[in-house]
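Engineer: quick one, fold the following:
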Amino acid sequence: MTERVDFYVLNGKAPRERWMVGCRLAEKAYLLDMTVVLLSETGADAEALDELLWTFSERSFVPHELRRAVQPPPGAGPPPADAPVQVTPDLDSIGPADLLVNLSGRLPGGLDRFKRIAEIIDGDDDRRRSGRERFKTYRELKLPVETHQLDAAGVA
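Structural biologist: Prediction:
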């Protein structure tokens, strides 16, 4: 059951800014012994996020794995994770986790698999619009929602 949804709103429009905030959230959650899923828009974005997790900070290591879209056999659940942080464009290949960091522009399916959800919204008009739609949907689902305005460095 989802306990809370946090929206992190950036001023900039660069995807890398969103991804850096996602990496920092994943690192923070990992250090708290939480399992994390980073949901990307596309497979290419997932690969870029995978690479960024190796390089975003010289002082940290975030054990992670790239999960490609794979349909499990009928009746079988997703395969178990080998790392506490998973990067994927498709939640069908993912089991439950403590935190879902949504870097995509879509409403994730299977919300009840994630204790917390972090939505990263940048200044792009289309992303803002889809973010507002997701915000309304979360409210309609009676989920507690909080908004955090971040500066150019991704700090609240």
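Engineer: OK, contacts around the residue positioned nearest the centre of the chain?
Structural biologist: Note on the chain: the residue nearest the mean C-alpha position is Val101, at 1.7 Å, using Cα atoms, centre = their mean. Residues in contact with Val101 (Cβ atoms under 8 Å, 6 or more residues apart in numbering) are 22, 25-26, 36-39, 118, 120. For the C-beta atoms, the positions are set from N, CA and C on the backbone; glycine is no exception.
Engineer: may I see the ChimeraX selection of the buried members of those?
Structural biologist: Entered in ChimeraX, the line below selects the buried ones among the contacts of Val101, by 16 or more other Cβ atoms under 10 Å:
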select :22,25,26,36,37,38,39,118,120
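Engineer: out of the contacts of Val101, which is nearest to Leu49?
Structural biologist: Within the contacts of Val101, the smallest distance to Leu49 is 5.7 Å, found for Leu38 (Cβ to Cβ).
Engineer: so where is this protein shaky, pLDDT-wise?
Structural biologist: For the chain, the stretches with pLDDT under 70 are 69-81, 152-156.
Engineer: what secondary structure does the residue nearest to the centre of the chain sit in?
Structural biologist: State at Val101, reduced to three classes by DSSP: H, G, I helix; E, B strand; the rest coil: strand.
Engineer: Arg128 too?
Structural biologist: At Arg128 the chain is in helix, as set by three-state DSSP.
Engineer: tell me what the nearest residue to it once chain neighbours are set aside is bridged to.
Structural biologist: Nearest non-adjacent residue to Arg128, counting by Cβ to Cβ, 6 or more residues apart in numbering: Ile121, 6.3 Å away. With beta bridges defined as DSSP bridges, Ile121 has these partners: Val9.
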